[in-house]
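**Student:** Have a look at this prediction, sequence included:
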Amino acid sequence: MHNVFISYHHDKDQDYKEHLLDLNDTYDIFRDYSVDTGDIDNDLDDETIRELIRDRYLRDSTVTVLLVGKETKNRKHVDWEIYSSMYDGEVNKKSGILVVNLPTISCNYFTAAHAGEKERVYPDITNWISIDSGIAYESRYPCMPARIIDNLLKKDALVSVVDWNRIKNDPDTLSFLIEVAFRDRAACKYDLSRPMRRRDS
């Protein structure tokens, strides 16, 4: 099992995180290292919150699962979590990233970044297209955080995007996607050039 940090909009998408944790309780897919509602005092200053997320929760995780709902991309804490997951520091090493599009955004697109993923997760799909423009990604993924879009454009960042319905009741598929994100994390060359968000919008 791998150490997984779940990044999500706490006010809007808590039920989806709870579903993953319930699935995990039944099938032992991963060890949960994510922040729970109330774990961090919102009255703390931004820098202290960033340090707590990075040093207490992300330090020992190896895969970040990002749940994308309607307002996820506007949350500064989510951006900090993505940045910290991608940053390869002396103490906190970079993690693999798996993005899950939630039903609330009605997105039918997905991205398979890892070897063997198309065959294992999408055996029903026969026609694949390559995308190489930010505008095309933004059109397909209008709710996606900008930092993820930046890295979907980098072929060596290896970020996969899967639809919630592919994993919600399929522990084997979720386990596979976590495993390949873990397996390829050291090879990922993430784009961290975008400044971190300073506020929610």
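**Tutor:** Nice, I can see it. Numbers count the residues shown, from 1 in each chain.
**Student:** Tell me which residues touch K73, please.
**Tutor:** Listed by Cβ atoms under 8 Å, 6 or more residues apart in numbering, the contact set of K73 reads C143, M144, P145, A146. (Each C-beta comes from the backbone N, C-alpha and C, glycine too.)
**Student:** at 10 Å instead, please
**Tutor:** Contact analysis of K73 by Cβ atoms under 10 Å, 6 or more residues apart in numbering lists 9, 79, 105, 141-149, 197, 201.
**Student:** try D163
**Tutor:** D163 makes contact with V100, N101, L102, P103, I105, C107, N108, Y109, F110, V121, according to Cβ under 10 Å, 6+ apart.
**Student:** Now, of these, which are buried?
**Tutor:** Buried by 16 or more other Cβ atoms under 10 Å: V100, N101, L102, I105, C107, F110, V121, out of the contacts of D163.
**Student:** Burial check on L23, number of neighbours?
**Tutor:** For L23, the tally of surrounding residues (other Cβ atoms under 10 Å) stands at 17.
**Student:** What are the phi and psi values at the closest residue to it other than its chain neighbours?
**Tutor:** Counting by Cβ to Cβ, 6 or more residues apart in numbering, P171 is the residue found nearest to L23 once chain neighbours are left out, at 5.9 Å. Phi and psi for P171, reported as degrees, to the nearest 10, are phi -60, psi -30.
**Student:** okay but P171 is in contact with N24, surely?
**Tutor:** Yes: using Cβ atoms under 10 Å, P171 makes contact with N24 at a distance of 8.1 Å.
**Student:** who's more crowded, these two?
**Tutor:** Taking other Cβ under 10 Å, P171 and N24 do not tie; N24 has more neighbours (19 against 15).
**Student:** any idea how far that one is from L66?
**Tutor:** Going from N24 to L66 by Cβ to Cβ, to the nearest Å gives 16 Å.
**Student:** try L174
**Tutor:** Distance from L174 to L66, counting by Cβ to Cβ: 14 Å.
**Student:** Need the overlap of contacts for these two.
**Tutor:** Here L174 and L66 have L98, V100 as joint contacts, going by Cβ under 10 Å, 6+ apart.
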